[in-house]
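Visitor: how would this look folded up:
(chains A, B, C, D and E)
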Amino acid sequence: MITTINALVDMGLLVVLSVSALMLVRCNSPLNTIILNALYSFTICSLFVIMDAVDVAFTEAAVGAGISTVLFLCVIHPDDESGRLFVWPGPLATVVALATGLLLVFGTFDMPLYGDPQVPVHTHLVTRFLEDSGTEIGIPNVVTSVLASYRGYDTLGEVVVVFTAGTSVLILLAAGHARQDSGDGLISNSILRVVMPRIIPLVILFALYVQFHGDYGPGGGFQAGVILGAGLITLALLTDSRIMQGVISERWIIRGMAGGVLVYGLVGVASMLGGGKYLDYSVLAQSSTDGQHLGILLIEIGVGITVAFTMLSLFVSFNRSGQTGD
Amino acid sequence: MMAEWLYLPVFVLLLCAMACSLVRSGLGPTVFDRIVAINAFGTKTVLLIAVYVQASGHPEYVDIALLYALINYVGSLALVRYFGARRVRGHD
Amino acid sequence: MIPVSAVVLIPLLGAIGIVLARRHVGLRNLVLVLTGIGNLAMVGHIALNLSGYQEVQVLFETLPGLSIAFHVEPLGLVFGLTAGILWPITSIYAVSYLDACRDTHQTRFHALFCVAIGSAMGIAFSENLFTLFLFYEMLTFSTWPLVTHSRTREAVSAGRVYLGVLLASSLLLFLLAIVLVGNYGSGLSFVPGGQLASTSPALVAVLLVLFVFGIGKAAVMPLHRWLPRAMVAPAPVSALLHAVAVVKAGVFSMLKITVYIFGYDLLNVVFLRDILIWFPAATVLVASFIAMRQDDIKARLAYSTVSQLSYIVTGALMANSLALIGSGMHIVMHAFGKITLFFCAGAIMICSGKKYISDMNGLGRSMPWTFGAFFVASLSIAGLPPTGGVWSKWYLALGALELGQVAILGVLMLSSLMNVYYLLAVPLRAFFLPAPQPQARLECRPALIGPLVLTALLSCALFFLSGDLQGLLADLTRRMASP
Amino acid sequence: MISSALKHLPVLQVVVPLLVAALCVLAGSRFLARTALILTALVMLSISLMLAGQVYPDGVISYALGGWPPPWGIEYRIDMLTVFVLITINLVNLAAAVFALGRNDDNLGRGAHAAFYAAWLLCMAGLNGMVVTNDAFNVFVFLEISSLATYVLIGCGRDPRALLASYRYLVMGAVGATFILLSIGLLYMHTGTLNLTDLAQRIDARGANRTVIMALAFLIIGLGIKCAMMPLHDWLPNAYSFAPNSVTVLLSGTATKVALYVLLRFVHDLFGVDHALSVPVDIVLVACAISGMLVAPLIALRESNLKRMFAWSSVAQISYIILAIGLGTGAGVAAALVHLFNHSIIKVAVFMAVGILIARTGTARIRHLGSVAHTHRFACYTLLFGGLGLIGLPGTPGFVSKWVLVSAVVERGWWWLAIPVLAGSLASAAYVWRIVEILWAKPADIPLQQTRSPLAFVEWFPLVVVMGLVLWFGLHASLVTGWAGLAAAALTGNGS
Amino acid sequence: MTDAIPGLFNYWVAIGLFVCGLVMILDSRNMIRKMVGLNMFQSAVFLLFITMGKVENGHAPILADGISRFSNPLPHVLILTAIVVGVATTAVGLALVVRIRRAYGTVDEDEIFDRPEVEPEIVP
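Guide: Numbering: from 1, shown residues only, chains lettered A, B, ... in the order given. Model prediction:
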């Protein structure tokens, strides 16, 4: 029964997804594009849940609903809306895209069928992760085990990517004419004034839960960082961003970004000093699994710090130099 | 269990509701229609995920739905903040 | 024993010295002349101590099998000696010529001149194709600023043609040929007997085409265009570089390649050779024809050079020992003759301001030394006694007979006749036709006349010294017979 | 302590710049960041050299990150090929970093300098990471680190068109990276693994099917964008010409080179050009390369901006490397590496000279540069000699590259390919000589507001050192070619 | 072939999204829309990865008693990273867009490139 439901919901969501993609291609107003993009993100997130990728869904939810949309909104401008509703794509684009698509469709006929368990994807590398991670790492969430330990170095790379993006945006928008902030945040709205102060602590609490519960359920440092960042962004959206700066100065936001990377990197250095390879957490404590626990905990905190502060930094940079205020 | 077959129409209905929101967000015609549509769609997503994790026997994954419920509004808030304060075009 | 590479390094160091001494004109000129004499002494030293220079001197090994190396062999020695003797003479001429022109960029001129001569020396004593190509290109690039020395629009566009033809031919064809030799032959070194004995005849034929047309400096038609265009350069450049160093570097490379890369045994069995030989042979004739129609004296001399160069290329392709001796001797004989002619042309232009032959009627009586030298040099180019030119043409003719190509012999003879016509006409016109208006004595200062009289005398001297030259080259033919 | 640090050199090569970058941002001081940049560049080069010292006797170093054995964890794998590329890019990095201390034509806001140098270090960390890793997905992650940093470094150019160039590069680069990701996914789908060695074995064992062919196609397109292969080169000319001078120097010697290295690794390790795949990889690569080496110089010839002209020249020169990769033989790989190194050092010298010239004359317009050679001798002579190297005249490293390349082409039996290669040199000669003619022989057309200030130490010193290398390796190429031969042997698994 | 329709449907949709994204990237004049296209383009690949990680009747890869059949966690890990990379790229791209708008007053590529090229002649 559940298989049928799974297949049905899968198909249904895929149809919704395709339609929203077509609408996106067709739509020519930036604001609508962004709205549809958010919708697209919701759908694909549901699909990830259907396909058992709960951690991915979590990330997509945090990113798609929280950060992406806000960033896009900071950048668009009402004047961008062009009169043209729909233009057929140019011949070059069509040919290139269709050729690529046809090549891919041609390739699909040798691909494993959806859900087939007897393919190399499911029989080679992953068996060790599923069978041994319980004893080797000792935490139930295999995604977290692989992410933070077996492939912990990729995750370091991921954090550095986030950090690089934060630094890049900082460089690009540092030379900004500071925006004349009108000072009237949304706080003037009485509903928001009442509701929001009660929700934001919840968001922050939830972020902490996601951060530390990541070993057992979906979530982890990245998701927690995004959620925390989203909470703080909400605060900033509600209030004047100058009030925001009273809470935490820009200088410290930047330091936080770098600090998380350092925490992660230094955990690796610590394991080198402990006699193991880089990021080999086993040497961090008496027993190997305790070491793994400790290492994963520490690096997840590093990830969380960097991501949260980067999200905040992105928002501050964009908000300061966004077009909508000039 | 008897609940199992009940899930089927629930999903079908949810998907239909999502499709309706989708259509509205595409048609507009005003920005507010779209904002409402996206909010409705987000709510349906929350529901779909919540129901699905229940159906698949892992109610602990309801976290994701919770997450959506908690930060769904950020986009809307930003929209209102940047576009609500000034005149939003009626038609686009 | 001083290493061979000194003949390359002395001019290059001289160039540096000239740049350093640029603020003191006298010192700079002294450095220039001393470098020339030093270089001549070095070449002479090598010539007198041949037995001490049997070894190959490797300067750098770029890659295994690809090294910058020098050796001494008769052909290179002949070329090196020629350039070495003529350079100091040219230096003196050049200094007085440029002073007379009130040239303001003499330092650059002389420094680059030194580099060019150094490159020519490098070509002369190169031990392998790589070294030869290196100095070949260095010569091209170092002479470009000399060709465009005046920086006029005409000079720059001539420079473009100059570089275009020489680079295009060398990069596309010559380099390709070298690469093919390196990959299919047994090596890039110049060894008697050649490097291609084990390759297929088709490849040999292809290589022959590539070399004949790749060595653009040899000016085989249709690659000759750069030479007449290069005549915008000051006269000393035309004299030493475009009569001796650059063009001779081309034909010398051709000779060296036929002797040491192909080997005459191989060359004589390549069918394509008998067709290919007609390109230079035709060049000999066609260029002579064109030269006859030129009124600008330097253009006429340039086409004459094109024609004479092809004598040597033809001789190289004849692939027999007589022709080799003839070609080798022609490098020398033509060099002495042609440099005199260019010196004269420069002197005429400086002192009388005339560059068109039709304007020179009666000029000989005002400038007797100059036109006298012109006359002697013309005899040498035409191959008439008592000048050295007789012998080289004689051996080339013998070579053509040995090959059995009477037609080529005919071409060579016919061209010589035309030489007589178009070169001797100039002094005759200058001495015997009446001047349009009475002229004062125009003869130039001694520093300008001295060099050209000297080279004219040397052309005559070569008539008597050719025995030594022939002996040197015959030594080469003996070596080839027993590699 | 020291000996235990030596065991960790492979990972230190990448982690040191990463952490120093974070420290730069943390410190936020321009002076500290500059000092850190130079010191880190030195350390990185030293690490590469020490790695070379370790690999030369031992063959291969495998470093299992996190202590997890290779197919399960991420593996760093150092062989002769890796250290060859590492030394090249870290050498370039050091030179460019010193050069960056000089007058820079960037457009940085207040307080962004430390972040700029951090981005520089991140870029280098990413590139080094791509080189040392033996894990397909890790390549993607570090590709993205370096790409993001590169976009912003380019965007720092003073001209607003730098932003457009950066944006274009970002879009193309992101598409390329996604193609690479897709390709990695397809490979994983076919084999179930991500470790390159393991992948190669499993592809060999399972044979190829459509999935693998597609993976190959997308990989070549993705990496082709990153290394500016001819039809996908669109981003490069503008990116190079509008980036700050020091960034151009850095990128010309590192970013495209690393992409080429990855292409080489994937194509040879995983697919092997002679592999029984029924896809003519070699033909595709060779066709792209030929078009690049013939078309790009012609565009360069018509270019009006000095920097962009040399950017087009890079497109042309990269084509030679692609051609060599496309040959698929040991000699071809060796030729690719030789040119990779030689082109890096030549281009670095050229772009430094161009940078100095632009900084002094205030213009990059070629037609305004008439006769500047007489006032800016040093830069112009460097440019001249670098140009000769690009043409490939004997005595320059360029000749060595061409020689090795053409020999490889002949050995492969495609001797006719030598003709486009040499025609390409001729075309390079045309554009180089156009510049020389203008710099030396064309009268100045407008009075330039030239700065006559003497060259700073950080401007001439790296240039002199790099030129010294160019001269040295032009005459003594055995070190480079010998090493490239060993590296090629490491890749093809037998003597070249 | 009968299995192919449900079995490959996910891939085909992913490819469709891929093509749509590519069209948006190649054909949009508006730089922001281009970034949206890029997002879609990337998410198509994410979908492909996640699809191949799914096992029929599998469960999310969180170890629990009584469950023995899990979907493959490795693609999930990879895509987690890839999503982050995608967001990072978007952020940098949008920052560039902000700067471009500041410099040119528009984010329409055609509009910028249609302008006559103003070469800053001499920068003192």
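
Visitor: I'd like to know which helix or strand in chain B has the lowest mean pLDDT.
Guide: Of all helical and strand segments in chain B, the minimum by mean pLDDT, DSSP states H and E falls on helix B:73-79, at a mean of 78.

Visitor: ok, and what's touching the helix or strand containing C:Gly44?
Guide: Using DSSP states H and E, C:Gly44 falls within helix C:25-48. Helix C:25-48 is contacted from outside by C:2, C:4, C:6-7, C:10-11, C:13-14, C:17-18, C:21-22, C:53, C:72, C:77, C:80-81, C:84-85, C:87-88, C:90-92, C:95, C:106-107, C:110, C:114, C:117, C:121, using Cβ atoms under 8 Å, 6 or more residues apart in numbering or on different chains. Glycine gets a C-beta too; all of them are placed from N, C-alpha and C.

Visitor: Give me the below-cutoff pLDDT ranges for the stretch 51-200 of chain D.
Guide: Residue ranges of the stretch 51-200 of chain D with pLDDT under 70: D:104, D:110.

Visitor: One more pass at 80, please.
Guide: D:58, D:103-111 (pLDDT under 80).

Visitor: Now do the same for C:Ile68: helix, strand or coil?
Guide: The three-state assignment at C:Ile68 reads strand, by DSSP: H, G, I helix; E, B strand; the rest coil.

Visitor: so what's it scoring on pLDDT?
Guide: The confidence metric pLDDT takes the value 89 at C:Ile68.

Visitor: Which phi and psi values does the residue in the stretch 51-200 of chain D that chain E sits nearest to adopt?
Guide: Residue of the stretch 51-200 of chain D nearest chain E, by Cβ to the nearest Cβ: D:Pro160 (3.8 Å). Main-chain torsions, D:Pro160, degrees, to the nearest 10: phi -60, psi -20.

Visitor: ok, how many other residues are close to it?
Guide: Residues lying near D:Pro160 (other Cβ atoms under 10 Å in any protein chain shown) number 19.

Visitor: The one 3 residues further on too?
Guide: With neighbours defined by other Cβ under 10 Å, the count for D:Leu163 comes to 26.

Visitor: can you check the one 3 residues further on too?
Guide: For D:Ser166, the count of nearby residues is 32 (other Cβ under 10 Å).

Visitor: Please apply the same query to the one 5 residues further on.
Guide: For D:Val171, the tally of surrounding residues (other Cβ under 10 Å) stands at 24.

Visitor: And C:Cys460, by the same measure?
Guide: The tally of other residues near C:Cys460 (other Cβ under 10 Å) stands at 18.

Visitor: From C:Ala430, how far off is it?
Guide: Note on C:Cys460: its distance to C:Ala430, by Cβ to Cβ, to the nearest Å, is 20 Å.

Visitor: got it, and C:Asp99?
Guide: Separation of C:Asp99 from C:Ala430 (Cβ to Cβ): 25 Å.

Visitor: Tell me which of those two has more neighbours.
Guide: Remark: of C:Asp99 and C:Ala430, C:Ala430 carries more neighbours, 26 against 15, as counted by other Cβ under 10 Å.

Visitor: what's the helix or strand for that one?
Guide: C:Ala430 is located in helix C:406-432, with elements delineated by DSSP H and E.

Visitor: could you give the mean pLDDT of that helix?
Guide: Across helix C:406-432, pLDDT averages out at 85.

Visitor: give me the beta-bridge partners of D:Arg77?
Guide: On the basis of DSSP bridges, D:Arg77 is bridged to D:Ser62.

Visitor: Quick one: residues contacting it.
Guide: With contacts defined as Cβ under 8 Å, 6+ apart, D:Arg77 is in contact with D:Val60, D:Ile61, D:Ser62, D:Tyr63, D:Val132, D:Thr133, D:Asn134, D:Leu196, D:Thr197.

Visitor: who are the neighbours in contact with the last one?
Guide: D:Thr197 makes contacts with D:Pro70, D:Glu75, D:Arg77, D:Asn134, D:Asp269, as judged by Cβ under 8 Å, 6+ apart.

Visitor: Please pull up the helix or strand immediately following the one helix or strand it maps to.
Guide: Per DSSP H and E: D:Thr197 is located in helix D:196-206. Sequence-wise, the next helix or strand downstream of helix D:196-206 (DSSP H and E) is helix D:210-226.

Visitor: That next one close to chain E?
Guide: No: shown here: helix D:210-226 not in contact with chain E (Cβ under 8 Å from any Cβ of the partner chain), separated by at least 9.9 Å.

Visitor: Run the chain-centre distance for that helix.
Guide: Distance of helix D:210-226 from the chain centroid (Cα atoms, centre = their mean, to the nearest Å) equals 20 Å.

Visitor: So the residue in the stretch 201-326 of chain A that chain C sits nearest to: helix, strand or coil?
Guide: Closest residue of the stretch 201-326 of chain A to chain C, Cβ to the nearest Cβ: A:Tyr278 (39.7 Å). Secondary structure of A:Tyr278, reduced to three states by three-state DSSP: coil.

Visitor: Which pLDDT value belongs to it?
Guide: pLDDT, A:Tyr278: 89.

Visitor: quick one: the helices in the chain?
Guide: Here I'm looking at chain A. A:2-26, A:30-50, A:54-61, A:69-75, A:91-108, A:120-123, A:126-136, A:142-145, A:152-174, A:190-213, A:221-238, A:241-247, A:250-273, A:288-321 (DSSP state H).

Visitor: my bad, chain E
Guide: For chain E, the helices defined by DSSP H occupy E:4-27, E:31-53, E:73-104, E:109-114.

Visitor: Out of the ones you listed, flag the one nearest chain C.
Guide: Proximity to chain C (Cβ to the nearest Cβ) singles out helix E:109-114 among the helices of chain E, at 34.2 Å.

Visitor: May I see the buried residues of the helix holding D:Thr197?
Guide: D:Leu196, D:Thr197, D:Asp198, D:Leu199, D:Ala200, D:Arg202, D:Ile203 (16 or more other Cβ atoms under 10 Å in any protein chain shown).

Visitor: domain ranges for chain A?
Guide: With automatic domain parsing as the criterion, the domains of chain A are listed as A:1-87, A:125-326.

Visitor: Compare these and report which one is nearest to B:Leu27.
Guide: Nearest of those to B:Leu27, taken as Cβ to Cβ: domain A:1-87 at 9.7 Å.

Visitor: Thanks again, I'm all set now.
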